[in-house]
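Colleague: Need a 3D model of the sequence below.
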Amino acid sequence: MPSLLRRVKSKMFIFAHRRTLTLLDGEYGSVFKGRSLDFDELRAYVPGDEGRDIDWKATARHGSPLVKRYVAVRRHSVLLLVDTGRTMAAHALSGEPKKDIAVQAAGVLGYLACRHGDDVGLLHGNETTTRYVPPRSGEEHLERLLQEVDAGVAVDGPASSLAEQLDYVLRYLKGRLLVIAVADEFMPDSRTEGLMRRLRARHEVLWLTVRDANLTPVADKGATNSKDLGTGQGIPIPLAADGKVRAAYEAAMAERGEHRSSLFRRLGIAEEQTSGSADVLPAVFALLEKHRSGATTARGTARGGHRAG
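Modeller: Below you'll find the predicted structure:
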């Protein structure tokens, strides 16, 4: 069986110079900057404890000072949350199968984690099945994860339903994770939005979107009727090639895209989009940078609010 990780690495070096890879490596490291300690438990205050470790809310409830106790974190856990429903068997904007781009993106992110000594796990599935592979270190383990993603997507498979995978994380996975989701341009319903909000409250969350293909290529390029894998409905070439239909479709998609972007901003989740294998690296770099900047801003706002109070 061909090595998917080897393919990922080959594309990384094809599409990037060494300096770019160095910057990407540094950007990944900066995401975890300042997280060398992790919360363990509350205990009673004793003379000599630092005031900044006092949990004021818990103290108010308890009636006497309580301080947060921390333990050192030597490894971080990264969870790749990948949609492997049948919509990921469709084509992306570049014309490549979305599945191939998802494997490339998961491979790049997993490889960066491996280089930093972090553990990488996988959660993937569809509306009927969710599979979880616990975090471990090493490239051999990462290869297994990529093979799982590749084998999990089929044109005749069950429909996508990220709500099921989000619910699984919230129900069964303990401890703080860096969750990196890879999915297509789906529009979250109210249940999914609520799950995303809860996930963001418990974990660090980044979101990479694989962009959908256009309505259909124009007829004079030899295109055939398109099919929406999500609904199973066909899109006849004459209809898709009509100028008014295409214009209306593009306007609707632009409005939908702005709605999605607004949703992610409201939830405080860094989201970036990729059209194909060629722009996975810049998309990953932009995603990490956006997450780091957002986290820094959030911490600054929290500190400012504390001083104002």
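Colleague: What pLDDT does the model give Val67?
Modeller: According to the prediction, Val67 has pLDDT 78.
Colleague: my read: it touches Arg43, true?
Modeller: Yes. Shown here, Val67 and Arg43 form a contact pair, counting by Cβ atoms under 8 Å, at 6.3 Å. Where you see a C-beta, it was placed from the backbone N, CA and C, and this is true even at glycine.
Colleague: Just to check, Tyr204 is in contact with Leu177?
Modeller: Check again: residue 204 is Glu, not Tyr. Yes. Between Glu204 and Leu177 there is a contact under Cβ under 8 Å: 7.3 Å.
Colleague: Of Val67 and Arg43, which one has the most company?
Modeller: Between Val67 and Arg43, Val67 has the larger neighbour count (other Cβ atoms under 10 Å), namely 20 against 12.
Colleague: Excluding chain neighbours, give the residue nearest to that one in space.
Modeller: In space, and not counting its chain neighbours, Val67 is closest to Asp53: 4.4 Å by Cβ to Cβ, 6 or more residues apart in numbering.
Colleague: Just give me the neighbour total for the one you found.
Modeller: Other residues within reach of Asp53, judged by other Cβ under 10 Å, total 14.
Colleague: ok, now how distant is it from Lys68?
Modeller: Using Cβ to Cβ, to the nearest Å, one obtains 5 Å as the distance from Asp53 to Lys68.
Colleague: Repeat that for His76.
Modeller: 19 Å.
Colleague: who's more crowded, the two?
Modeller: Between His76 and Lys68, His76 has the larger neighbour count (other Cβ under 10 Å), namely 21 against 16.
Colleague: Tell me, how many residues neighbour the residue nearest to the more buried one when sequence neighbours are not counted?
Modeller: When the adjacent residues along the chain are set aside, His76 lies closest to Asp118, with 4.6 Å between them (Cβ to Cβ, 6+ apart). Neighbours of Asp118 under the rule other Cβ under 10 Å: 18.
Colleague: Can you report phi and psi for Asp118?
Modeller: Per-residue torsions, Asp118: phi -90, psi 160 (degrees, to the nearest 10).
Colleague: residues touching Ser277, list them.
Modeller: 11, 15, 94, 96, 100-101, 104 (Cβ atoms under 8 Å, 6 or more residues apart in numbering).
Colleague: which residue packs closest to it, ignoring adjacent ones?
Modeller: Of all residues not flanking Ser277 in the chain, Gln104 sits nearest, at 5.2 Å (Cβ to Cβ, 6+ apart).
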